[in-house]
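> Any chance you can model this:
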Amino acid sequence: MTLRTNAKVAGFTFLIYIAAGVTGAVLFGRAAAGNTTAAKLAAIAQNATEVRLTLLLTLLQGFSALVLAVTLY
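This is a model prediction of the structure:
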């Protein structure tokens with residue numbers, strides 16, 4: 001791949017990395033709301049779908065980090 005193509009892929013991947021990280025943090029913050037540990041665990045149990053989505057976003061963020069590392073190398 002050319003340098004220009006690598007730069008485009010790296011830029012796009014960096015944007016995905018940021019978007020997945022911020023969205024995942026916001027979703028998990030909402031899903032794990034509570035003052036005590038028991039309240040946080042109960043909120044996580046009630047919001048299982050948001051926690052699963054957060055897990056997928058975390059995996060996407062990890063994959064994006066690997067692609068970013070390869071393109072910047």
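> for this protein, which helix is longest?
For the chain, the helix that runs over the most residues, judged by DSSP state H, is helix 3-31.
> what's the spacing between that helix and its chain's center?
Offset of helix 3-31 from its chain centre (CA atoms, centre = their mean, to the nearest Å): 7 Å.
> ok, now stretch 57-71?
9 Å.
> Can you give the contact residues for that stretch?
6-7, 9-10, 13-14, 16-17, 20-21, 23-24, 27 (CB atoms under 8 Å, 6 or more residues apart in numbering). Any C-beta I mention is one placed from the backbone N, CA and C, and that applies to glycine too.
> Go again with 10 Å.
1, 5-28 (CB atoms under 10 Å, 6 or more residues apart in numbering).
> swap in stretch 34-54?
Against stretch 34-54 from outside (CB under 10 Å, 6+ apart): 20, 23-33.
> swap in stretch 21-30?
With CB under 10 Å, 6+ apart as the criterion, stretch 21-30 contacts 43-44, 47, 49-61, 64-65.
> hmm, which of those are the buried ones?
43-44, 47, 50-51, 53-54, 57, 60-61, 64 (16 or more other CB atoms under 10 Å).
> Give the buried residues for stretch 37-44.
Buried, per 16+ other CB under 10 Å, within stretch 37-44: 43-44.
> quick one: which two of the contacts of stretch 34-54 are the most distant?
Using CB to CB, the contacts of stretch 34-54 reach their maximum pairwise distance at A20 and A33, which is 21.0 Å.
> out of these two, which sits in the busier spot?
Using other CB atoms under 10 Å, the more surrounded residue of A20 and A33 is A20, with 21 against 12.
> just checking, next helix/strand downstream of the helix or strand harbouring A39?
A39 belongs to helix 37-46 when assigned by DSSP states H and E. The C-terminal neighbour of helix 37-46 among helices and strands, as given by DSSP H and E, is helix 48-72.
> how far is that following helix from where the chain is centred?
On CA atoms, centre = their mean, the centre of helix 48-72 falls 5 Å from that of its chain.
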